[in-house]
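# This is a predicted model, with the sequence first.
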Amino acid sequence: MKPLCCAEGRGLKAESYSLLSRPLLFALGSLPFLGLGMAQNASAPDNTTDPLWMVGIKAFLVVFGLLTAFAYMTLIERRLLARIQIRQGPNRVGPDGLLQPVADAIKSILKEDIVPKAADKVVFWLAPMISVTFALLTFGLIPFGPKHAFFGFDPWLINLDVGILYVFAVSEIAVYGIFLAGWASNSKYSLLGSLRSSAALISYELALGMSLLAPVVLVGSLNLQAIVEWQNTNGWLILYLLPAFALFVIAGMAEAARTPFDLPEAEQELVGGYNTEYSSIKWALFQMAEYIHLITASALIPTIFLGGWRMPGFLTAIPFIGGFFALPYLWMFAKIALFLFFFIWVRGTFFRLRYDQLMRFGWGRLLPMALGWFLIVAAVVAFKMPLAVLGWLSALALIVFSVYVVMGARSSQPARRVVRPGVGD
């Protein structure tokens with residue numbers, strides 16, 4: 001197999017460039033119209049309280065908070081994985097290793113930036129910027145509290161009636177960064193890694209979107225704040241849509257390229273995956289985008305299924321806890337931290353899947369289960385059945401899944417060898 005930089009591969013490269021540039025230019029060209037739509041939505045009665053300067057302050061806080069969280073998530077994950085694997089982890093730079101992210105950032109910035117000679121320079125630089133930019137744009141819709149809870153202003157950046165659709169649209173454009181990185185590197189290893197990474201991400205995006213159709217149909221809105229308010233009236237959606245919650249968590253791990261779905265960087269098969277030829281700050285940007293996707297998924301899960309920024313309902317009846325600890329930011333950050341710890345725990349527990357197992361699990365298991373559960377929820381809503389029906393169905397699904405796991409674990413155990421005395425001596 002000849003490399004793509006040879007004469008026979010130039011025609012394929014030129015044709016691929018034209019095919020890739022059309023949807024990318026369409027997506028970039030649609031950004032002004034998206035901003036216009038956001039500006040029109042901002043003039044709605046729900047958003048008239050926030051002036052432009054406050055929107056800018058909140059945007060700065062979101063970007064600064066995500067970048068800081070990314071830096072220290074690397075330290076937290078390395079320390080937690082070290083505890084799971086019974087070792088120390090980073091503890092040399094600064095008191096108890098707290099300055100390790102700062103040292104890593106300085107190292108990434110000052111390292112030599114190597115660009116392959118045959119690479120497409122413009123696209124090679126553009127790919128990590130696309131990944132980081134569209135990863136940051138997703139977090140602005142997350143509501144962190146009730147209206148006027150941020151010093152008299154709204155604790156969210158933008159409020160869209162099609163909020164979930166916006167999240168999917170923006171996150172899908174981030175896939176271009178992965179594919180363009182492998183293609184622009186002009187390396188068959190990077191190209192192969194980007195192709196199968198894009199295929200895996202798009203495949204699990206179907207199951208992810210199908211799992212969210214159940215809460216959208218039940219609540220009757222795509223607005224994240226409307227979903228949170230519905231849960232305040234009727235109870236958390238995890239009580240009625242437990243299968244959708246489980247499917248969303250699993251597909252969210254795959255979308256964030258977390259273990260056991262971290263096939264974009266399968267070093268034992270592809271050297272380094274789509275970012276093999278990247279170094280210095282550009283490589284760090286890809287890692288930044290991955291962690292930002294992880295933080296966004298950890299914020300979307302409690303927003304949609306666990307009541308958002310609200311505390312559990314049974315705690316509100318307790319006088320001291322219900323009054324003093326009813327802080328929206330406290331509960332939202334606690335729920336985000338819980339799922340971040342869960343994702344790290346899964347990484348330290350499970351092995352990486354093979355690519356065929358990854359695709360078979362996404363298309364053969366997750367997507368059919370998400371579609372089947374959506375049809376059940378749609379039937380319950382269409383026939384106007386009580387919400388208790390979904391609660392009982394969720395409990396039944398939990399029992400069936402538990403029995404399936406237990407029976408599968410027993411069947412996978414190796415048969416014990418019976419040794420008879422005197423035989424084989």
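Arrived safely.
# number of nearby residues for the residue nearest to A174 when sequence neighbours are not counted?
Distances taken as Cβ to Cβ, 6 or more residues apart in numbering put F134 closest to A174, at 4.1 Å, once the chain neighbours are dropped. For glycine as for every other residue, the C-beta is placed from the backbone atoms N, C-alpha and C. F134 has 22 neighbouring residues, counting by other Cβ atoms under 10 Å.
# Isn't F134 up against F168?
No - counting by Cβ atoms under 8 Å, F134 stays clear of F168, with 11.5 Å between them.
# so how far is Y240 from the residue nearest to A174?
With distances taken as Cβ to Cβ, to the nearest Å, F134 is found 32 Å from Y240.
# C-terminal to the helix-or-strand element of the chain with minimal mean pLDDT, what's the next element?
One helix or strand of the chain scores below all others by mean pLDDT, DSSP states H and E: helix 31-42, with a mean of 34. Later in the chain than helix 31-42, the nearest helix or strand by DSSP states H and E is helix 52-84.
# helix or strand right after the helix or strand containing W183?
Per DSSP H and E: W183 is located in helix 175-184. Downstream of helix 175-184, the first helix or strand assigned by DSSP H and E is helix 188-219.
# just the angle between that following helix and helix 175-184, please?
With axes from the mean of the first three to the mean of the last three Cα atoms, to 10 degrees defining the directions, helix 188-219 sits at 170 degrees from helix 175-184.
# quick one: average pLDDT of helix 188-219?
Averaging pLDDT along helix 188-219 gives 87.
# Which elements pack onto that helix?
For helix 188-219, the elements it packs on are helix 163-173, helix 175-184, helix 224-234, helix 242-255, helix 267-270, helix 280-305, helix 355-361, helix 367-382, judged by 3 or more Cβ pairs under 8 Å, 6 or more residues apart in numbering; DSSP states H and E.
# Next, format those as TSV and append mean neighbour count and mean pLDDT.
TSV is the format used below for these (neighbours: other Cβ atoms under 10 Å; pLDDT from 0 to 100):
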stretch	mean neighbour count	mean pLDDT
helix 163-173	19	85
helix 175-184	25	88
helix 224-234	18	91
helix 242-255	23	91
helix 267-270	14	60
helix 280-305	22	91
helix 355-361	15	86
helix 367-382	17	93
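# Just give me how far stretch 114-129 sits from the chain centre.
Centroid displacement of stretch 114-129 relative to its chain, using Cα atoms, centre = their mean, to the nearest Å, is 26 Å.
# distance between the ends of that stretch?
One end of stretch 114-129 sits 17 Å from the other (Cα to Cα, to the nearest Å).
# same thing with stretch 338-354?
Termini of stretch 338-354 sit 28 Å apart (Cα to Cα).
# Please identify the buried residues of it?
For stretch 338-354, burial by neighbour count (16 or more other Cβ atoms under 10 Å) applies to 339-340, 343-344, 346-347, 352-353.
# Identify the residues contacting that stretch?
If you take Cβ atoms under 8 Å, 6 or more residues apart in numbering as the criterion, stretch 338-354 is touched by 73, 76-77, 80-81, 84-85, 249, 253, 256, 258-263, 266, 294-295, 297-298, 301-302, 361.
# thinking G391 is in contact with I238, fair?
No - using Cβ under 8 Å, G391 is not in contact with I238; the gap is 10.3 Å.
# For these two, work out which one has more neighbours and name it.
A side-by-side neighbour count of G391 and I238, using other Cβ under 10 Å, places I238 first with 19 against 15.
# I'd like to check which residues are in contact with the more buried one.
Contact partners of I238, counting by Cβ under 8 Å, 6+ apart, are 245, 305-306.
# Skipping adjacent residues, who's closest to N232 in space?
In space, and not counting its chain neighbours, N232 is closest to R310: 5.8 Å by Cβ to Cβ, 6+ apart.
# Also G252?
Among residues not flanking G252 along the chain, A297 sits closest, at 4.0 Å (Cβ to Cβ, 6+ apart).
# Please tell me I have it right and the one you found contacts A256.
Yes - A297 is in contact with A256 according to Cβ under 8 Å; the separation is 5.5 Å.
# L157 sits in which helix or strand?
Residue-wise, L157 maps onto no helix or strand under DSSP H and E.
# excluding its backbone neighbours, what's nearest G140?
Leaving aside its sequence neighbours, G140 sits nearest to L157 (Cβ to Cβ, 6+ apart; 3.3 Å).
# Tell me if I'm right that that neighbour and M54 touch.
No - in this structure L157 lies outside contact range of M54 using Cβ under 8 Å: 10.1 Å.
# more crowded one of those two?
Neighbour totals were compared for L157 and M54, and L157 leads with 19 against 15 (other Cβ under 10 Å).
# and the more buried one, how far is that from W230?
L157 sits at a distance of 22 Å from W230 (criterion: Cβ to Cβ).
# Per-residue pLDDT of L241, please?
Confidence at L241, expressed as pLDDT, is 93.
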